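K.L.:
I'd like to go over a predicted model; first the sequence, then the structure.
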Amino acid sequence: MAREGEEEEVVLLSFWSSPFALRAKIALAEKGVRHEIREENLSDKSHLLLRMNPVHKKIPVLIHNGKPVCESSLIVQYIDEVWNQESPLLPSDPYERAQVRFWVDLVDKKVYMAARTVWFIKGEHEDGAKEELMEVLKLLESELGEKAYFGGDRLGYLDVSFFPYYLSIHQLENTVESRLGGEMEANLPKLEGWMKRCMLRESVSSVLPDLNKLSDYIRQLRKKRLDEQA
Amino acid sequence: MAREEEVVLLSFWSSPFALRARIALAEKGVRHEIREENLSDKSHLLLRMNPVHKKIPVLIHNGKPVCESSLIVQYIDEVWNQGSPLLPSDPYERAQARFWVDLVDKKVYLAAQRVWFIKGGPEDGAKEELMEVFKLLETELGAKAYFGGDRFGYLDLSFFPYYLSIHQLETAESMLGGEMDAKLPKLEGWMKRCMLRESVSSVLPDLDKLRDHFQQVRKKRLDEQA
């Protein structure tokens, strides 16, 4: 805690289906931080959101004692640094820390856009995106190796950051439309095991959206996006 | 650090990303070796040290690689941590500094590429986008000497190489209509102030050479898209 005995006010501006918001929720749960979730209507953003994130106007935004922190990976790092007396998410060694940040950076740069292209964009770029996505996922499969989590025995920064993407891709592949040819289970057995292991953790299971509801939502969103490009 | 440290930076002379790392090393007084890469014929070392992206800069510290310029700078700050920190010590201020660097990384580079290197780029809103981000930074700087206050910090050294490059691009081919001096007086002053710092002036590439280089790259890129 930053200040002993003082009342902490922690609010997370969120959206139920957002993998970015899920990162922040898992981090808050791992640390046992008391907080309030405010669900945003993304077609009618609140004054608070626009005031707290005027540059990007996006969720999640963490508001700590009235002061906003934006960008999910920065929110997770902030949570780790402020509520630092237990469950460290980032390694204490600077080199290990740089490695973990590297992987999260890679995931942010490659996974999101490739997955979007594979499922939400019509056109000739589709096949390249599938290869790119599988390539990054295989890198992460190697990086996980024999560990229970990327963080070792416990959830770490990379677990918290990557799990929401992997879950979304899982939902897309298995319940919306199989675009990776069912390769996930066969080619990524470690990641599949890791995903299930993450879902058993209290900090994850307690904040997961309803998976059927998530699938329906993604399916509708996909239909809408593809129709717009007809 | 008491022990023998081996610090190597795989670099390219015109890269703003490499310049970030070089300024950070100079700020901290870290003894290091620069290895200039040929980007059309990348060394085995680079490919081995950065197999995922195959890009410079790469910092190799006692044989172990750190990739991605903003991560390299944070690593340098965390390892060589005696003396002035580059990042703020307060977690909230640190999150703010990282936010602005993240914004700069997401917006400035691509918008600048579109303005100068992509046909149709300037016409499709890239100029407006770039100026919008600069104006945000102009406001963020405000009356301060540096983004870090009195001290040159993470955001200063992360943004300076971009701003310098864009300055040179604008000199090579004016695409922002000379708006920079008039509309961004604080950033212009800040840029000059940064250039007076030893850690910056000692590592700056030759500015005329940089401008000529950008001119050539621009011509080549536009010809390829003819």
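P.N.:
That came through, no problem. Keep in mind that what you see is a predicted model, and the values were worked out from it rather than measured. Numbers count the residues shown, from 1 in each chain, chains lettered A, B, ... in the order given.
K.L.:
A:Lys57 is in contact with A:Lys45, correct?
P.N.:
Yes. Contact criterion C-beta atoms under 8 Å: A:Lys45 and A:Lys57 qualify, at 6.2 Å. Just so you know, the C-beta spots here come from the backbone N, C-alpha and C atoms, and that holds for glycine as well.
K.L.:
and A:His170, how many neighbours does it have?
P.N.:
Using other C-beta atoms under 10 Å in any protein chain shown, A:His170 has 17 other residues around it.
K.L.:
could you do A:Val160 as well?
P.N.:
30.
K.L.:
now do A:Lys138
P.N.:
Per other C-beta under 10 Å, the neighbour tally for A:Lys138 reads 14.
K.L.:
quick one: pLDDT of it?
P.N.:
A:Lys138 carries a pLDDT score of 95 in this model.
K.L.:
so what's it up against?
P.N.:
Under the criterion of C-beta atoms under 8 Å, 6 or more residues apart in numbering or on different chains, the contact list for A:Lys138 reads A:187-188.
K.L.:
swap in the one 5 residues further on?
P.N.:
With contacts defined as C-beta under 8 Å, 6+ apart, the neighbours of A:Glu143 are A:103, A:150.
K.L.:
next one: the helix or strand harbouring A:Lys190 to chain centre, how far?
P.N.:
If you go by DSSP states H and E, A:Lys190 is part of helix A:189-200. Helix A:189-200 sits 15 Å away from the centroid of its parent chain (C-alpha atoms, centre = their mean, to the nearest Å).
K.L.:
please point out which parts of it sit buried.
P.N.:
By neighbour count on 16 or more other C-beta atoms under 10 Å in any protein chain shown, the buried set for helix A:189-200 is A:191-192, A:194-195, A:198.
K.L.:
just stretch A:93-101 next, same as before
P.N.:
Within stretch A:93-101, the residues that count as buried by 16+ other C-beta under 10 Å are A:94-95, A:97-101.
K.L.:
how about A:Ile63, phi and psi?
P.N.:
phi -110, psi 110 (degrees, to the nearest 10).
K.L.:
actually, A:Gly152.
P.N.:
phi 100, psi -120.
K.L.:
beta partners of it?
P.N.:
According to DSSP bridges, the residues that bridge with A:Gly152 are A:Tyr149.
K.L.:
okay, how far is it across stretch A:174-190, tip to tip?
P.N.:
Taking C-alpha to C-alpha, to the nearest Å, the first and last residues of stretch A:174-190 lie 17 Å apart.
K.L.:
and the contacts of that stretch?
P.N.:
Applying C-beta under 8 Å, 6+ apart, the set of residues contacting stretch A:174-190 from outside is A:118-119, A:126, A:130, A:133-134, A:137-138, A:141, A:144-145, A:169-170, A:172-173, A:191-192, A:215, A:218-219, A:222.
K.L.:
need the buried ones from those selected in PyMOL.
P.N.:
Only the buried entries of the contacts of stretch A:174-190 go into this PyMOL selection, using 16+ other C-beta under 10 Å:
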select buried, chain A and resi 118+119+130+133+134+137+141+144+169+170+172+173+191+192+215+218
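K.L.:
just the contacts of stretch A:174-190: which are in helices?
P.N.:
A:118-119, A:126, A:130, A:133-134, A:137-138, A:141, A:144, A:169-170, A:191-192, A:215, A:218-219, A:222 (DSSP state H).
K.L.:
re earlier: which ones among the buried residues of stretch A:93-101 also lie next to chain B?
P.N.:
The subset of the buried residues of stretch A:93-101 within reach of chain B, by C-beta under 8 Å from any C-beta of the partner chain, is A:94-95, A:97-98, A:101.
K.L.:
mind listing the strands for chain A?
P.N.:
Listed in chain order, the strands of chain A (DSSP state E) span A:10-14, A:36-39, A:61-64, A:67-70.
K.L.:
now, of those, which is deepest in the fold?
P.N.:
For the strands of chain A, the largest average neighbour count (mean count of other C-beta atoms under 10 Å in any protein chain shown) is found in strand A:61-64, namely a mean of 24.
K.L.:
lowest-confidence helix or strand of chain A?
P.N.:
helix A:183-187 (a mean of 83; mean pLDDT, DSSP states H and E).
K.L.:
identify each buried residue in that one, please.
P.N.:
A:Met184.
K.L.:
where's the closest residue in space to A:Leu208 that isn't next to it in sequence relative to A:Pro164, distance?
P.N.:
Spatial nearest neighbour of A:Leu208, chain neighbours left out: A:Met199 (6.9 Å); criterion: C-beta to C-beta, 6 or more residues apart in numbering or on different chains. Distance, A:Met199 to A:Pro164, using C-beta to C-beta, to the nearest Å: 11 Å.
K.L.:
now do the domain split for chain A, please.
P.N.:
Domain assignment of chain A by automatic domain parsing yields the ranges A:10-82, A:94-229.
K.L.:
now the nearest residue in space to A:Leu137 that is not next to it in sequence, what are its backbone angles?
P.N.:
Residue nearest to A:Leu137 in three dimensions, not counting chain neighbours: A:Leu188, with 5.7 Å by C-beta to C-beta, 6+ apart. Note on A:Leu188: backbone dihedrals following degrees, to the nearest 10 are phi -130, psi 50.
K.L.:
what about A:Leu188, neighbour count?
P.N.:
20.
K.L.:
below-threshold pLDDT in chain A: ranges please.
P.N.:
Under the criterion pLDDT under 70, the flagged ranges of chain A are A:1-6, A:124-126.
K.L.:
which bits of it sit near chain B?
P.N.:
Counting by C-beta under 8 Å from any C-beta, the residues of chain A close to chain B are A:2, A:55, A:64, A:67, A:69-71, A:74-75, A:77-78, A:81-82, A:94-95, A:97-98, A:101-102, A:105-106, A:139.
K.L.:
A:Arg201 and A:Asp159 touch, don't they?
P.N.:
No. A:Arg201 lies out of contact with A:Asp159 (C-beta under 8 Å); the separation is 9.2 Å.
K.L.:
neighbour-wise, which of those two wins?
P.N.:
Shown here are A:Arg201 and A:Asp159; by other C-beta under 10 Å, A:Asp159 has more neighbours (26 against 17).
K.L.:
if I look at that one, how far off is chain B?
P.N.:
19 Å (C-beta to the nearest C-beta, to the nearest Å).
K.L.:
then A:Ala27?
P.N.:
The gap separating A:Ala27 from chain B is 13 Å, by C-beta to the nearest C-beta.
K.L.:
surely A:Leu28 and A:His35 touch.
P.N.:
Yes. Counting by C-beta under 8 Å, A:Leu28 touches A:His35, with 5.3 Å between them.
K.L.:
so for the two, which residue has more residues nearby?
P.N.:
Legend: neighbour count by other C-beta under 10 Å for A:Leu28 and A:His35, higher for A:Leu28 (22 against 19).
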